[in-house]
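Peer 1: Below are the sequence and a predicted model for it; my questions follow.
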Amino acid sequence: MTNQEALVNYCLRLADNNLILGHRLSELSGKGPFLEEDIATTNIALDLIGQASSLLQYAAEVEGKGRTEDDLAFLRGEREFYNTLLAEQENKDFAVTIARQFLTDAFDYFFYDELKKSADARLAALAEKSHKEITYHLRHTSKWMERLGEGTEESHRRIQDAVDNLWRFTGELFEMNEVDEILLKEKIAVDLNVVKIQWDKLVAEVFANSGISIPENVFMQRGSREGKHTEKLGYLLAEMQHLHRAFPGVQW
Amino acid sequence: MELQTDHINQLLGQIPDPEIPVISIVELGVVRGVSMEGDKVIVTITPTYSGCPAMRTIEMDIFNKLKDEGFEHIEIRTVQSPAWTTDWMAEEAKEKLRAYGIAPPNEHINQRVRSILSDEVTHVQCPHCASWNTHLTSQFGSTACKALYKCDDCLEPFDYFKCI
Ligand SMILES: [Zn+2]
């Protein structure tokens, strides 16, 4: 693998996380549990899709094969997406939406803080911008974790169930492969071991404040680094890519 | 040359923000610079938020304004760094926001928001009745740059232009 190929893959990994999670949240637009939360999820979706757009543009430029940001978003197949399994899980219960978002926000908060120091100036600039937005997301979702965990018996049961169900997807967040190895040498990538230490600490703190227990002895699912996904992604892509595939080259 | 960029800056100062039309895109801090390369005008802008849907409109407004004023070759460049911040907003612009019914960014809050898991802060002044007795309803509002507050004295809900 060349350095260039590694950088394209790295950008896609980051872009796909934002794009797929942003799309998931956008499914709640107009259907949120109540007005303020409808607006909040839609705002977070907008930030994530905006971040994805900048990252896909950069991936397309580095790749240099004439593909555009839209080609990358709408014309790749399921096995060519590198978002985490966590990002593609369905909204279902509101507690699931919040748990999925909190676990991701906590990761992104520390990840993008580290990425600001990247030797790649473009990634560092995008990280600086994203980190400010993620700070707001994390504050929002960590408050919700507390509210649900400490709320009623019912809300506590639901948020604990959500955490129990999603926990198996958190292992691969910290997985590093050849791409990371190549880019770490260039001081472009983030060392995910560093992020893991901070993530563990923050998640433990918020869970403790919320009366939520950390699941133990969970078998960790993996595969997204090689483009292997849960069955959820295919359905999401079918919807997200439909318009572009039905009307090739369509512009907003 | 300098005269010309000054003139262009002035023109850009006449373009209202598409979502908050009482302030211009220059006052908002979106315009980062104007330069000339031969007879080509280069306007550098930065997004407020990554996904701000107004950016496309702003680009179009700049392009149309300069075209109308007789400039033929226009290029708009977008930069991500330094990341946009409400610190760039001038006092005059903050006054305009207040008069329009939007509470302007409060730097005191800015410091606190940057630490994670910090407590909710409520030092936001109601733009309608000037009371400080207000509370946060939601950190996310009608546009990416605003939060929702409610005044506990006049009971009116209002937008707060949040610090970033
Ligand atoms: Zn009031």
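Peer 2: Structure's in. What do you need?

Peer 1: for the residue lying farthest from the centre of chain B, phi and psi?
Peer 2: Farthest-out residue of chain B from its mean C-alpha position, per C-alpha atoms, centre = their mean: B:Gly38, at 30.5 Å. B:Gly38 adopts backbone torsions of phi 60, psi -120, taken as degrees, to the nearest 10.

Peer 1: same check, this time on B:Leu136
Peer 2: Dihedral angles (degrees, to the nearest 10) for B:Leu136: phi -70, psi 130.

Peer 1: follow-up on the earlier one: tell me how many other residues crowd the residue nearest to the residue farthest from the centre of chain B when sequence neighbours are not counted.
Peer 2: In space, and not counting its chain neighbours, B:Gly38 is closest to B:His73: 7.9 Å by C-beta to C-beta, 6 or more residues apart in numbering or on different chains. All C-beta spots, glycine's among them, are computed from the backbone N, C-alpha and C. Using other C-beta atoms under 10 Å in any protein chain shown, B:His73 is surrounded by 12 other residues.

Peer 1: hey, what's B:His73 bridged with?
Peer 2: B:Lys40 (DSSP bridges).

Peer 1: Can you classify residue 32 as helix, strand or coil?
Peer 2: No chain in the question, so chain A it is. coil (DSSP: H, G, I helix; E, B strand; the rest coil).

Peer 1: try again with chain B
Peer 2: Per three-state DSSP, B:Arg32 ends up strand.

Peer 1: how near is the closest residue to it other than its chain neighbours to chain A?
Peer 2: Of all residues not flanking B:Arg32 in the chain, B:Thr44 sits nearest, at 4.5 Å (C-beta to C-beta, 6+ apart). From B:Thr44 over to chain A the distance is 13 Å, taken as C-beta to the nearest C-beta, to the nearest Å.

Peer 1: List the buried residues for whatever helix or strand B:Thr44 lives in?
Peer 2: Assigned by DSSP states H and E, B:Thr44 belongs to strand B:40-45. By 16 or more other C-beta atoms under 10 Å in any protein chain shown, the buried positions in strand B:40-45 come out as B:Val41, B:Ile42, B:Val43, B:Ile45.

Peer 1: for these, which one is nearest A:Asp38?
Peer 2: Nearest to A:Asp38 among the buried residues of strand B:40-45, counting by C-beta to C-beta, is B:Ile45 at 29.9 Å.

Peer 1: gap between the closest one and B:Gly29?
Peer 2: Between B:Ile45 and B:Gly29 the computed distance is 10 Å (C-beta to C-beta, to the nearest Å).

Peer 1: With A:Val195 instead?
Peer 2: For A:Val195 relative to B:Gly29 (C-beta to C-beta), the value is 31 Å.
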